[in-house]
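>>> Got a predicted structure plus its sequence, pasted below:
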Amino acid sequence: MFESEQNIRGEVQLWVRKALGLLTTLAVAIPSTYVEEVKHVADDAKNVSFLLAHNVKSFVNPQTPPDFESFSAKEAVDMTQEMFHVTDGLYADSLDGATWFATVWHHSRVLDMLNIAALTQDETDTHYTDLRDKAEDALGYYMDDNAGDFPPGYDPHYTIFGAKDIERFVDDNLWLAQHYMDRYTETREDTYINKSRIAVDVALHEQEADGGVFWKSQFADEQNHDRVVVSNATAIPPLVDIYLGGYANDEYIDSAERIYEWLQQLKDPKTGLYFDKFWSNGEIDETFYTYVQGKMIEATIALNKIDPARYPLSTAVELANASLDYFGRSGYGDAAFDSIYFQSVMSLASIVHDADLARKVSNGIDSARGLAHRSNNVSRVAGAASLALLDEMELAEWFKLQ
């Protein structure tokens with residue numbers, strides 16, 4: 001823990017103690033309105049602690065990340081860990097010297113990087129496994145179980161004292177839902193499927209009758225009503241996996257299929273790719289992103305487990321080829337997005353045993369990695385390290401992991 005954060009926590013704890021102590025002492029003697037006022041003081045103390053905690057200086061020396069393209073895969077991971085890890089499995093958001101802790105989205109990219117590294121290390125080695133487990137444990141700092149009528153979920157920013165954040169992103173929770181289901185598949189430990197269910201419930205709470213899921217939890221003061229592919233398609237694999245993992249609740253499959261059908265409105269008939277989202281006003285944002293296509297590929301793979309005739313893998317293969325061709329021409333760019341995309345397409349290639357698709361993936365990773373190596377943002381640097389891992393892995397070895 002940072003020395004400055006220790007001081008901050010000490011001051012805020014003292015503040016909260018004084019407020020709660022006053023409440024305890026005076027509760028019987030004063031009107032209820034005054035009691036409520038003291039409660040607000042305590043709440044303010046918690047909120048101030050939240051603001052201080054996620055703005056605290058990380059004491060990371062300002063620096064420019066090195067050229068990741070010159071490192072081997074494991075060197076890239078180790079460099080990311082060395083530059084961005086702060087304490088207790090928590091990471092700095094950037095290297096500007098006055099940084100917040102990583103947002104939960106950025107933290108999930110580090111977690112993804114460490115998970116790939118753990119899967120590719122020697123069986124007797126636990127180095128990356130240990131780092132991944134610490135990063136998993138640190139997710140508790142982002143959990144908000146005081147959201148009133150809304151289900152518990154992961155808020156964007158690191159917090160202490162359980163202070164509520166001002167917003168919540170549904171896709172942030174869904175990245176973690178799928179991570180937990182992957183870990184459940186690996187370990188068969190119920191704690192992972194239970195954590196995945198908590199994260200998935202955030203999406204189910206934000207699902208409209210037509211199937212579309214809002215990008216952000218619709219708190220009372222939330223002004224953003226966008227419905228994006230990543231808050232929808234990303235829900236489908238964990239919904240299916242939770243159902244197949246022993247929670248045979250028809251709501252999971254009904255929601256997955258309803259979301260998938262709703263998403264077809266965003267498919268571009270010209271390219272075969274999926275647009276990014278519906279804006280709050282109902283208009284379509286016709287931007288193409290790599291990871292959007294990747295999540296649609298994963299959604300099709302997941303539903304194929306339930307109904308192969310209705311959701312053929314050929315649909316996913318068509319999207320994979322179309323998107324690889326498109327981004328091969330237009331170019332890649334964001335390492336965090338691209339690493340997600342290539343994992344999706346590589347998984348598909350391993351399932352359908354398509355050598356041509358596998359070669360396209362390998363060439364695409366080479367191209368994407370060449371653009372991804374410079375950044376001071378933990379998400380993109382972790383993405384670049386993930387690309388390095390994917391780039392250096394023999395495809396045949398990756399396929400054995402699927």
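Perfect, thanks for sending it.
>>> Now do the helix or strand hosting residue 75: which elements does it pack against?
Residue 75 is part of helix 73-84 when elements are defined by DSSP states H and E. The contact analysis (3 or more CB pairs under 8 Å, 6 or more residues apart in numbering; DSSP states H and E) places helix 73-84 against helix 104-120, helix 378-392. C-betas here are computed from N, CA, C, even on glycine.
>>> now that helix, how far from the centre of its chain.
In this view, helix 73-84 has its centroid 20 Å away from the chain centroid, taken as CA atoms, centre = their mean, to the nearest Å.
>>> Tell me which helix or strand comes right after that helix.
strand 85-87.
>>> mind listing what that next one pairs with, with the direction of each?
Paired neighbours of strand 85-87 in the sheet (DSSP bridges): strand 90-91 (antiparallel).
>>> about what we covered before: mean pLDDT lowest for which of the helices and strands packed on helix 73-84?
Of all these, mean pLDDT reaches its minimum on helix 378-392 (a mean of 82).
>>> Out of the helices and strands packed on helix 73-84, which is the most enclosed?
Stretch with highest mean neighbour count among the helices and strands packed on helix 73-84: helix 378-392 (a mean of 27; mean count of other CB atoms under 10 Å).
>>> shaky segments in the protein?
Applying pLDDT under 70 to the chain flags the ranges 1-71, 97-99, 159-165, 372-376, 393-402.
>>> Break it down into its structural domains.
Recorded structural domains for the chain (assignment: automatic domain parsing) are 1-56, 62-401.
>>> any idea of the angle the helix holding residue 75 forms with helix 104-120?
Between helix 73-84 and helix 104-120, the angle comes out at 140 degrees (axes from the mean of the first three to the mean of the last three CA atoms, to 10 degrees).
>>> What are the buried residues along helix 73-84?
73, 74, 76, 77, 78, 79, 80, 81, 83, 84 (16 or more other CB atoms under 10 Å).
>>> list the contacts for the fifth one?
Residue 78 sits next to no residue when contact means CB atoms under 8 Å, 6 or more residues apart in numbering.
>>> That one and residue 90, how far apart?
Relative to residue 90, residue 78 is positioned 18 Å away (CB to CB, to the nearest Å).
>>> Strands of the stretch 101-250 of the chain, residue ranges please.
For the stretch 101-250 of the chain, strands defined by DSSP state E, counting those that start in this stretch occupy the ranges 143-144, 153-154, 227-228.
>>> Give me the sheet partners of the last one and which way each runs.
It refers to strand 227-228. Strand 227-228 is paired, per DSSP bridges, with strand 277-278 (antiparallel).
>>> Tabulate the CA atom coordinates of stretch 258-271 in PDB.
Output in PDB follows, covering the C-alpha atoms of stretch 258-271 (Å, rounded to 0.1, in the frame of the first residue of the first chain):
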ATOM      1  CA  ARG A 258     -33.000 -12.800 -27.600                       C
ATOM      2  CA  ILE A 259     -29.900 -10.800 -27.500                       C
ATOM      3  CA  TYR A 260     -28.400 -12.600 -30.500                       C
ATOM      4  CA  GLU A 261     -31.500 -11.900 -32.500                       C
ATOM      5  CA  TRP A 262     -31.500  -8.300 -31.500                       C
ATOM      6  CA  LEU A 263     -27.900  -7.900 -32.600                       C
ATOM      7  CA  GLN A 264     -28.700  -8.900 -36.200                       C
ATOM      8  CA  GLN A 265     -30.100  -5.300 -36.600                       C
ATOM      9  CA  LEU A 266     -26.500  -4.100 -36.400                       C
ATOM     10  CA  LYS A 267     -25.100  -6.400 -39.200                       C
ATOM     11  CA  ASP A 268     -24.000  -4.500 -42.300                       C
ATOM     12  CA  PRO A 269     -25.300  -6.200 -45.400                       C
ATOM     13  CA  LYS A 270     -22.400  -4.900 -47.500                       C
ATOM     14  CA  THR A 271     -19.400  -6.100 -45.500                       C
END
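>>> Enumerate residues external to that stretch that contact any of its residues.
With contacts defined as CB under 8 Å, 6+ apart, stretch 258-271 is touched by 207, 210-213, 229, 232-233, 235-236, 273-278, 284, 286, 288, 296, 299-300, 303, 311, 322, 326.
>>> Now restrict those to buried residues only.
Among the contacts of stretch 258-271, the ones that count as buried by 16+ other CB under 10 Å are 207, 211-213, 229, 232-233, 235-236, 273-278, 288, 296, 299-300, 303, 311, 326.
>>> can you tell me which of these are in helices?
Assignment to helices by DSSP state H places the following of these there: 236, 296, 299, 300, 303, 326.
>>> Can you give me the distance of the closest residue to the fifth one other than its chain neighbours to residue 299?
Among residues not flanking residue 303 along the chain, residue 311 sits closest, at 3.9 Å (CB to CB, 6 or more residues apart in numbering). If you measure residue 311 against residue 299 using CB to CB, the figure is 9 Å.
>>> same check, this time on residue 317
Note on residue 317: its distance to residue 299, by CB to CB, is 14 Å.
>>> how about the nearest residue to residue 218 once chain neighbours are set aside, what does it touch?
Using CB to CB, 6+ apart and skipping the chain neighbours, the partner closest in space to residue 218 is residue 206 (6.3 Å). Residues counted as contacts of residue 206 (CB under 8 Å, 6+ apart) are 170, 213, 214, 216, 217, 218, 231.
>>> what two of those have the greatest distance between them?
With distances taken as CB to CB, the most widely separated pair in the contacts of residue 206 is 218 and 231, at 11.8 Å.
>>> Which one of those two is surrounded by more residues?
Each of residue 218 and residue 231 has its neighbours counted (other CB atoms under 10 Å); residue 231 has more, 27 against 17.
>>> Could you verify my assumption that that one touches residue 213?
Yes. Assessed by CB atoms under 8 Å, residue 231 is found in contact with residue 213 at 4.9 Å.
>>> Alright, calling it a day.
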